[in-house]
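[1] give me the fold of what follows.
(one chain, ligands or ions: 1)
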Amino acid sequence: MKVLITGGAGYIGSTIASACLDDGIQPVILDNLATGRVEFTAGRPFYHGDLSDGALLDRVFAEHPDIEATVNCAALIVVPESVADPLRYWHANVGKTISFVSHLLRNGRTRLLFSSTAALYAADEDFAVDERSLVEASSPYSRTKVAAEAMLADVSASTDLRTLSLRYFNPIGADPKLRTGLQIKRPTHLLGKLIEAAEAGVEFAVTGTDWPTRDGTGIRDYIHVWDLAAAHVAGLRRFDEVVPVDGPGYEVLNLGTGTGTTVREMVDAFEHVTGQPLRKREAARRPGDVAGAYTRSDKARRMLGWKPQFTIADGIRDSLRWANVRDTRLPGVSG
Ligand SMILES: NC(=O)c1ccc[n+]([C@@H]2O[C@H](COP(=O)([O-])OP(=O)(O)OC[C@H]3O[C@@H](n4cnc5c(N)ncnc54)[C@H](O)[C@@H]3O)[C@@H](O)[C@H]2O)c1
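    Numbers count the residues shown, from 1 in each chain. Below is the predicted model of the structure:
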């Protein structure tokens, strides 16, 4: 089997490409290197260009007529950037995805896995969400994902296109074989802040300890990026069962651990993995903070026969292992 992975030079797309290779699926990468890294395409057929470039897509499919499915990871993903420049985000994540779908259809390519986000849910009272939960996107970034999903559902309803939208929770970790990992040095999520505090030997502030969660701190659903990648492999292998030709042509699955991890649980796991206690203090919630959410759904388990294999400790360990090699793998990259 051969698949096209757009955004395959990025964090998640390159990990999916590695998981495909390990499973005997040949990935072909298309990426404009806006945030992706050419190093992550080593040993994989690579087309440098844009998702919306019809002539380039025609060439990819002419040169690889045996591509059976497409995984679309190409997008801009930084929430504050999307607030500062929403037009750029709508153009990149919606406008270009519309063009891309027309190029797929023109080339007779009808199986699409779409990278979506769980950041589009309004959290339920118990902080758990599933695929039927209320959608209430809170940023221009997540609204572009909602819009792209709506477009894909409409097009899938009336053409041969079949789409599997995968809503990711919070990816952490790296390819366990360390072929790829996060390009940026300092992720802004909780784990990134813990690594920073440990490296600098500074106090870590647990902000918000009075949420009605199981231990009072915020909750997220951190999932190992290799588990996410494995779900894509399962989605590719089972595509025709999950999104059958005689069905509505559109399916949505949440990809998370099903339990979530609170800030305190993450801090404990981090201390356990590093063997070093952190200096900590408790502080008030910051403006704009939310309690968070995790997925309660077992739909992905049922439909894909997939469940996460890695623990939070594995995710922390692989993030730290990647941080140790990142500067040699990606020379000259700061930030
Ligand atoms: N990282 C997360 O926390 C997260 C969570 C949920 C969903 N997602 C989704 O997963 C996908 C991958 O995210 P990531 O974390 O790997 O980000 P990333 O920035 O590492 O990867 C995105 C890739 O897409 C490429 N790209 C962007 N616009 C393009 C275009 N117009 N044409 C061709 N290539 C283009 C970039 O160069 C980059 O390689 C995105 O669609 C994102 O919305 C990410």
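[2] show me where pLDDT drops low in the stretch 201-335 of the chain?
    Within the stretch 201-335 of the chain, the segments meeting pLDDT under 70 span 333-335.
[3] and the residue lying closest to Tyr141 once chain neighbours are set aside, what are its phi and psi?
    Distances taken as C-beta to C-beta, 6 or more residues apart in numbering put Ser82 closest to Tyr141, at 3.7 Å, once the chain neighbours are dropped. C-beta coordinates here come from the backbone N, C-alpha and C atoms, glycine included. Ser82 adopts backbone torsions of phi -70, psi -30, taken as degrees, to the nearest 10.
[4] do the same with Leu253
    phi -130, psi 140.
[5] same check on Leu104?
    Per degrees, to the nearest 10, the backbone of Leu104 is at phi -60, psi -50.
[6] for the one 10 residues further on, same thing?
    For Phe114, the backbone dihedrals (degrees, to the nearest 10) come out as phi -110, psi 130.
[7] residues in contact with the residue nearest to Tyr141?
    Going by C-beta atoms under 8 Å, 6 or more residues apart in numbering, Ser82 touches 76, 88-89, 139-141, 144.
[8] out of everything not next to it in sequence, what's closest to the one residue sitting closest to the centre of the chain?
    Centroid check for the chain by C-alpha atoms, centre = their mean gives Tyr168 as the closest residue, at 5.1 Å. Using C-beta to C-beta, 6+ apart and skipping the chain neighbours, the partner closest in space to Tyr168 is Leu255 (5.2 Å).
[9] neighbours around the one you found, how many?
    27 (other C-beta atoms under 10 Å).
[10] equivalent analysis for Arg186, please.
    12.
[11] quick check: closest non-adjacent residue to it.
    Gly192 (5.7 Å).
[12] give the helix, strand or coil label for that neighbour.
    helix (DSSP: H, G, I helix; E, B strand; the rest coil).
[13] next, the contact list for the residue nearest to the centre of the chain, please.
    12, 115-118, 223, 228, 255-256.
[14] and if you look at Thr257?
    169, 221-223, 294-295, 308.
[15] quick check: the residue nearest to Tyr168 touching Ala229?
    No: in this structure, Leu255 is not within contact of Ala229 by C-beta atoms under 8 Å, at 10.2 Å.
[16] ok, so what distance separates Ala269 from Leu190?
    11 Å (C-beta to C-beta, to the nearest Å).
[17] report how many residues lie close to Pro45.
    16.
[18] how close does it get to Gly181?
    22 Å.
[19] one more: Ile12?
    Taking C-beta to C-beta, one finds Ile12 at 11 Å from Gly181.
[20] again, but for Ser82
    On the measure of C-beta to C-beta, Ser82 and Gly181 end up 24 Å apart.
[21] got the residues of the protein near the ligand?
    Taking C-beta under 6 Å from any ligand atom as the criterion, the chain approaches the ligand at residues 6-7, 9-13, 31-36, 50-51, 73-77, 92, 96, 115, 117, 168, 170-171, 183.
[22] check those residues for burial and list the buried ones.
    Those of the residues of the chain next to the ligand that meet the buried threshold are 6-7, 9-13, 31-32, 35-36, 50-51, 73-77, 92, 96, 115, 117, 168, 170-171, 183, by 16 or more other C-beta atoms under 10 Å.
[23] Arg321 sits in which helix or strand?
    helix 312-329 (DSSP states H and E).
[24] please save the CA atoms from that helix in CSV.
    The C-alpha atoms that make up helix 312-329 are tabulated as CSV, following Å, rounded to 0.1, in the frame of the first residue of the first chain:
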residue,chain,number,x,y,z
ILE,A,312,2.2,9.3,30.2
ALA,A,313,5.6,8.3,31.6
ASP,A,314,6.5,6.9,28.1
GLY,A,315,5.5,10.2,26.5
ILE,A,316,7.6,12.2,29.0
ARG,A,317,10.6,9.8,28.5
ASP,A,318,10.4,10.0,24.7
SER,A,319,10.0,13.8,24.8
LEU,A,320,13.2,14.0,27.0
ARG,A,321,15.1,11.6,24.8
TRP,A,322,14.1,13.6,21.7
ALA,A,323,15.1,16.9,23.4
ASN,A,324,18.6,15.4,23.9
VAL,A,325,19.1,14.6,20.2
ARG,A,326,17.1,17.4,18.7
ASP,A,327,19.9,19.9,18.2
THR,A,328,22.0,17.4,16.3
ARG,A,329,19.1,16.1,14.2
